[in-house]
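> Fold the following and give me the result.
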Amino acid sequence: MLRSITIITLAAVLAGCAGGPTPYAPAGDSRYGLTEQQVESDRFRISFSGNSLTDRDTVETYLLYRAAELTLDQGYDYFRLAQRDTETETRLIGSSTYDRFGLQYRYYHPAHGWYGRYDPFWNDVNIREVTRYEAMAEIVLGRGATPDTPDAFTAREVVQNLGSRVQRPSEG
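Next up is the predicted model:
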């Protein structure tokens, strides 16, 4: 039973990684992608969650780009970051490829112990670290000249400067 759960968990993790880095798109039914919520007429919460193939720089770039897009869509000129954070989730994923009976065993190590079967004398063990990032921000939109503060961004300049780094999903 435990072995089956472990195999299913590992398969789900690998399936989530199979398509490459998380593209710039709404999360939809997935746990990866963009989400946003309007808090007040000029205040929004935005987040971008990447899979394990999406690096931190990309996650943070997509967050800033969406903040700029949203600012322009709402008819504003600039946005200020009222709050901003990037969370990191790191896990160890392991697999054994062969044992003395020719069977494959898979296991997962979530920092609290081993799950599944592990035999150091008979298994070829492969362990890798998997890290994923989620960037979150609360933004306040404004009109007119951008304030001269480090937390204020001119939306048109952000879109212009970061637009070439944004990878949208490919059409199926």
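> Give the residue spans of the chain that score low on pLDDT.
Scanning the chain for pLDDT under 70 picks out the ranges 1-18, 95-125, 172.
> those helices in it, which residues are they?
According to DSSP state H, the chain carries its helices in the segments 2-17, 56-73, 155-162.
> Arg128: neighbour count?
As a burial measure, Arg128 scores 10 neighbours (other Cβ atoms under 10 Å). In short, each C-beta sits where N, CA and C put it, glycine included.
> For it, list each beta-bridge partner.
Beta-bridge pairing of Arg128 under DSSP bridges involves Ile93.
> For stretch 72-80, give me every contacting residue.
When contacts are defined by Cβ atoms under 8 Å, 6 or more residues apart in numbering, stretch 72-80 is touched by residues 42, 67-68, 70-71, 139-147, 149, 151-156, 159.
> Restrict the residues you listed to the buried ones and give me that as a ChimeraX selection.
For the buried members of the contacts of stretch 72-80, the matching ChimeraX selection, counting by 16 or more other Cβ atoms under 10 Å, is:
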select :67,68,70,71,139,140,141,142,146,153,154,155,159
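> Now do the buried residues in stretch 154-169.
Across stretch 154-169, burial judged by 16+ other Cβ under 10 Å covers Thr154, Ala155, Val158, Val159.
> what residues are up against the nearest residue to the first one once chain neighbours are set aside?
Nearest-residue entry for Thr154: Thr146, 4.5 Å, with adjacent residues in sequence omitted and distances by Cβ to Cβ, 6 or more residues apart in numbering. Each residue near Thr146 by Cβ under 8 Å, 6+ apart is listed here: Asp77, Tyr78, Ala152, Phe153, Thr154.
> Spell out the residue ranges of the strands in this protein.
Assigned by DSSP state E, the strands in the chain fall at 33-40, 43-49, 78-96, 105-109, 125-142, 152-154.
> related to what we said a few turns ago, save the buried residues of stretch 154-169 as JSON lines, and put in distance to Thr88 too.
Formatted as JSON lines, these follow (distance: Cβ to Cβ, whole Å):
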{"residue": "Thr154", "distance to Thr88": "29"}
{"residue": "Ala155", "distance to Thr88": "28"}
{"residue": "Val158", "distance to Thr88": "24"}
{"residue": "Val159", "distance to Thr88": "27"}
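> Please determine how far Leu63 is located from Ala27.
Distance, Leu63 to Ala27, using Cβ to Cβ, to the nearest Å: 13 Å.
> for Arg165, same thing?
For Arg165 relative to Ala27 (Cβ to Cβ), the value is 20 Å.
> contacting residues around the residue nearest the centre of the chain?
Note on the chain: the residue nearest the mean C-alpha position is Gly50, at 1.6 Å, using Cα atoms, centre = their mean. By Cβ under 8 Å, 6+ apart, Gly50 lies in contact with Pro21, Thr22, Tyr32, Thr58, Val59, Tyr62, Arg132, Tyr133, Glu134.
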